[in-house]
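Student: Pasting the sequence and the predicted coordinates here, then a few questions.
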Amino acid sequence: METTTKPQLNPLLKLVLDLGPLLLFFFANSRYGIFAATATFMVAVLAALAVSYVMTRHLPIMPVVTAIIVVVFGGMTLILHDATFIKVKPTIIYALFGAVLLGGLVFNKPLLGIVFDSLFHLTDEGWRKLTWRWAIFFFVLAGLNEVVWRNASTNVWVDFKVFGVTPLTFVFAALQYPLMKKYELEPAPARD
C-alpha cells in the first residue's frame, strides 16, 4: 500500500516565510513607524501563508492561527490607531499555544507530536516531555512580552520581538535536541 506524504517546504524557504514578515515589520517600523509596520506585517504574513499553500497545497495550523490573530489585532491597531493591540498580539498567541499544548496533554494527546510528526519521530513519553517544555516556554514568552511592551518604548519592543524572541526561540529549540535524541523512535524495518 502506498502512502502519500504531504509536500514539505525547503527548510530555507520555510525559514524565510517564518522570519520574513517579522524582519519586514522591523524594517518598516524603523523607517515609517508602528502603523506602517503593522500594515506591512499583515500583508507579509498573508503573503507567506499564500506561498506556503501554493508550494504544499495545505496550510499548517499554527501559521493559520497566527495569521488570523495578526489580521484581527493588526486591523484593530490600524482602525483604532492604537499600537496596544499589535503589542498584545504576541502575548495572546504565545498564551494560546501554551494553553493548547497543555490542553492536549490533559486529554492525553501531545499535540506537538501531531504538528511535528513528519519531521520527528519520538516515543509517547518524549512527545509528552517536549510538549511540556514548549508549553512552559510559550507562557514565559507571553510573560516577557507583557513586561517589555508595558515598560519600554515601541521601538524597544519591536527590537525585542526581532532580536530577543527569535534568538531565544532558536536557542530553546536547540536545547531540546538531547531530549529528542533520547526519546527518538527507531525507524520501522522496511517491508518488501
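Tutor: Right, received. Where do you want to start?

Student: Mind listing residues that contact stretch 131-146?
Tutor: Stretch 131-146 is contacted from outside by 87, 90-92, 94-95, 97-99, 101-102, 104-105, 110-113, 160-161, 164-165, 168-169, 172, 176, 179, using C-beta atoms under 8 Å, 6 or more residues apart in numbering. Quick note: C-beta positions are derived from backbone N, CA and C, even for glycine.

Student: Over to stretch 68-81?
Tutor: Under C-beta under 8 Å, 6+ apart, the answer for stretch 68-81 is 34-35, 38-39, 41-42, 45-46, 82-86, 88-89, 92-93, 96.

Student: For that stretch, what is the distance to the chain centroid?
Tutor: When distances are taken as C-alpha atoms, centre = their mean, to the nearest Å, stretch 68-81 is centred 18 Å away from the chain's centroid.

Student: Among the contacts of stretch 68-81, name the ones in strands.
Tutor: When these are checked against strands using DSSP state E, none is located there.

Student: now, which of those residues lie within helices?
Tutor: Assigned to helices by DSSP state H, the following of the contacts of stretch 68-81 qualify: 34-35, 38-39, 41-42, 45-46, 84-86, 88-89, 92-93, 96.

Student: Please tell me which one of the residues you listed counts the most neighbours.
Tutor: Neighbour tally across those (other C-beta atoms under 10 Å): the maximum, 28 neighbours, falls on residue 86.

Student: Please give me every residue in contact with it.
Tutor: By C-beta under 8 Å, 6+ apart, the contact list for residue 86 reads 34, 38, 41, 73-74, 77.

Student: Using CSV, lay out those together with pLDDT and distance to residue 123.
Tutor: Formatted as CSV, those follow (pLDDT from 0 to 100; distance: C-beta to C-beta, whole Å):
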residue, pLDDT, distance to residue 123
34, 97, 45
38, 97, 42
41, 97, 38
73, 96, 38
74, 96, 40
77, 97, 43
